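Engineer: need coordinates for the below:
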Amino acid sequence: SIMAAQYVSINGEFVLADDAKIGVNDLAMHRGYGIFDYFKLVDGKPIFMEEHFERFFNSAKEMHLDAGLDRGRLKETVEELITRNNMPASGIKLLLTGGYSEDGYKMGKPNLLVMQYPLAFPKEHDTVKGMKLATHDHVRQVPHIKTIDYLAAVRMHPFMQENGLDDILYQKNGIISECPRANFFIVTGSEIITAASNILKGITRSKVLKLNIDGYKIVERDFTLDEVFAANEAFITSTTQYANPVISVDGKVIGDGKIGVVTTKVRQQLYKLI
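Structural biologist: Sure thing, here's the model as predicted:
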C-alpha cells in the first residue's frame, strides 16, 4: 500500500501528520474562505512548481491573504517536506486559510499549510478510459482564483455516482467554462478550443496552449454546448490527469465515442514535456 505522508508544514513549522491541526476559529471552517494550489512530484521532482507558486501568490494577493512566507522560504519549506516525507510520486498542496477570526467573519492572520499526498499517475501507455460528463448550471465565484470553494462540485457527487458520471462540466446560458478540477477542450475542424472566460487558468492548460499540433490552431475562446455536441473530440486537462479524453456529455456521444487522434497527440506531448 502507498504510505501516507509523515509530516505536514503549518506556518513554516513541521509537525507529524497525526498532530497537524488548525483551530476551530479559522475562517476556512466558518465561511469557506481560503485559497490553495496543487502540483505534483514525479520521481521526486516538482513539476512546474514556479508556475504554481506564481498562481498561488497571485490568488493570495487577490483574496487579501498574506502567506507569511516569501517565495524563497516557501520553496525551502516544500523542499524540506519533500526530503522528510520521501514520497517520490506525490501531490503537494499549498493551502492558505482566512485565519483565526474574532467574529467568524473578518479575516485573521492566515494559516499556511503545506501537505503531501501519495499519488498514482496515469502512465503514458495505460489504457485510457474515456470520461462521461454532465453539464451543470454554475459559474464558480471569482473563477480566476483557485479558492477552496468547491460547493457545487462536492454537492454533485451523489448525482454523479447515481448516473455513472466521471465529472461535471460547468455551463451558464449554454456557454461552457470548465470542470471543477480541470479545464475543458474541444477539437473541431482544424481548431483545438478551450474557454476564455469564467475559468481558472490551469497550468496544464497553459502548456497545451503552447503545444504544436500539426494541422491545428489552438485557441482560447468561449464556445457553446451545441459546439461541444458537434465536436470531433473533447478532453480535459489537469495536473493529475494530463489530457484525458471525454467520450460523452449529457449522454450524447462526442465524435465517434473513441479516444481521438488529437487528444492522443496532446497526451503524448504532455508526457514528453513532463
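
Engineer: would you list every one of the strands in the stretch 101-250 of the chain?
Structural biologist: Applying DSSP state E, counting those that start in this stretch to the stretch 101-250 of the chain gives strands spanning 112-118, 131-137, 167-172, 175-176, 178-179, 182-188, 191-194, 217-220, 233-238, 242-249.

Engineer: partner strands of the fifth one, parallel or antiparallel?
Structural biologist: Strand pairing for strand 178-179, determined by DSSP bridges: strand 182-188 (antiparallel).

Engineer: same question for the first one.
Structural biologist: When pairing is defined by DSSP bridges, strand 112-118 lines up against strand 7-10 (antiparallel), strand 90-97 (antiparallel).

Engineer: what bridges to the residue nearest to residue 244 when sequence neighbours are not counted?
Structural biologist: Nearest non-adjacent residue to residue 244, counting by C-beta to C-beta, 6 or more residues apart in numbering: residue 236, 5.2 Å away. All C-beta spots, glycine's among them, are computed from the backbone N, C-alpha and C. For residue 236, the beta-bridge partners are residue 184, residue 244 (DSSP bridges).

Engineer: any idea which of the strands paired with strand 112-118 is most buried?
Structural biologist: Highest mean neighbour count among these (mean count of other C-beta atoms under 10 Å): strand 90-97, with a mean of 22.

Engineer: for that one, C-alpha coordinates in CSV please.
Structural biologist: Extracted C-alpha coordinates of strand 90-97, given in CSV (Å, rounded to 0.1, in the frame of the first residue of the first chain):
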residue,chain,number,x,y,z
SER,A,90,3.0,12.5,-4.8
GLY,A,91,1.0,15.7,-4.9
ILE,A,92,1.8,18.8,-2.9
LYS,A,93,-0.9,21.1,-1.7
LEU,A,94,-0.3,24.6,-0.6
LEU,A,95,-3.3,25.8,1.4
LEU,A,96,-3.8,29.3,2.8
THR,A,97,-6.8,29.9,5.0
